[in-house]
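Participant: A structural model of the following input is requested.
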Amino acid sequence: RRWRVRTWRGGVMSDTDRSGKRIRVVLLLFARSADLAGTRRKEYLIDAQEQVRLTDFVEKFVLSDFEPLRPLLPACSVALNQEYTGDLNTVLSDNDEVALIPPISGG
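Facilitator: Residues are numbered from 1 along each chain as shown. The predicted model follows:
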């Protein structure tokens, strides 16, 4: 692990808690979900003292940031690292990419 440590008044101060674990997760939004959220991409740096499941990520982070997505969410497909998944109990890892893909119609 790399820790950013800086010296301060002869002591050592850590910018990050050495016992803490953080994971980076990228959220990608498409079509109507991007329109409702007002963005297509957001990065999260999550303090993950315990395992973070996909369902926890969506509920605690995505919906708290983008409440307008709530009614659309049941119809969305979910992809984890560019592969569709139906298992919302999957545990997220550092640098995972989560995509919410709403139904799309065309003609």
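Participant: Enumerate the beta-bridge partners assigned to the residue nearest in space to the middle of the chain.
Facilitator: The chain has V25 as the residue nearest its centroid, 4.0 Å off, counting by Cα atoms, centre = their mean. The partner list for V25 in beta bridges (DSSP bridges) reads Y44, D96.
Participant: List the contacts of it.
Facilitator: 43-44, 46, 52, 57, 61, 92, 95-98 (Cβ atoms under 8 Å, 6 or more residues apart in numbering). C-betas here are computed from N, CA, C, even on glycine.
Participant: measure it to T39 for me?
Facilitator: Note on V25: its distance to T39, by Cβ to Cβ, to the nearest Å, is 15 Å.
Participant: ok, now K21?
Facilitator: 27 Å.
Participant: helices and strands around the helix ranked longest in the chain, which ones?
Facilitator: In terms of residue count, the longest helix belonging to the chain (DSSP state H) is helix 31-37. Applying 3 or more Cβ pairs under 8 Å, 6 or more residues apart in numbering; DSSP states H and E, one finds that helix 31-37 makes contact with strand 96-101.
Participant: Show residues contacting the strand it packs on.
Facilitator: 23, 25-31, 33, 54, 57-58, 62, 69, 73, 76-82, 92.
Participant: So which of those residues are in helices?
Facilitator: 31, 33, 54, 57.
Participant: For those, which entry has the maximal number of neighbours?
Facilitator: Counting neighbours by other Cβ atoms under 10 Å, S33 comes out on top of these with 24 neighbours.
Participant: from what I can see that one touches V78, true?
Facilitator: No - with contact taken as Cβ atoms under 8 Å, S33 and V78 are classed as non-touching, separated by 10.9 Å.
Participant: quick one: R40 and R53, what's the gap?
Facilitator: For R40, the distance to R53 (Cβ to Cβ) stands at 24 Å.
Participant: what does K60 give?
Facilitator: Taken as Cβ to Cβ, the span from K60 to R53 is 10 Å.
Participant: ok, now L100?
Facilitator: From L100 to R53 the distance is 16 Å (Cβ to Cβ).
Participant: Appreciated, that's everything.
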